[in-house]
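Undergrad: give me a model of this one.
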Amino acid sequence: MSSDLLLRYGRLSEAWWYVIGFKAGTPPLDPPSAHKERAAEADTKHQKALQDLLHMVAFLRDEVKRLENWCISSANP
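TA: Okay, the predicted model is just below:
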């Protein structure tokens, strides 16, 4: 194999490893199970945030109703 061909092979090999995620000086790709765990954790956090938001909306709705009733009752002595 000529040195030019060997050099070309080496560059292509390095480029291929870069494409599939094995870059020099970086950690290897995470296994699929780690990705699934992070996705499950994110889903749990989003569900908790959604629950908190729905509780806040319900609280604000009730507070608006209370203030409306207070205004109506104080306007009609």
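
Undergrad: using the three-state scheme, assign Leu50.
TA: Secondary structure assignment for Leu50 (DSSP: H, G, I helix; E, B strand; the rest coil): helix.

Undergrad: which pLDDT value goes with it?
TA: Looking at Leu50, its pLDDT is 96.

Undergrad: how about Pro27?
TA: Reading off the model, Pro27 has pLDDT 69.

Undergrad: also the one 4 residues further on?
TA: The model reports Pro31 with a pLDDT of 77.

Undergrad: any idea how far it lies from Leu7?
TA: 34 Å (Cβ to Cβ, to the nearest Å). Just so you know, the C-beta spots here come from the backbone N, C-alpha and C atoms, and that holds for glycine as well.

Undergrad: tally of neighbours for Ala15?
TA: Neighbour count for Ala15, taken as other Cβ atoms under 10 Å: 9.
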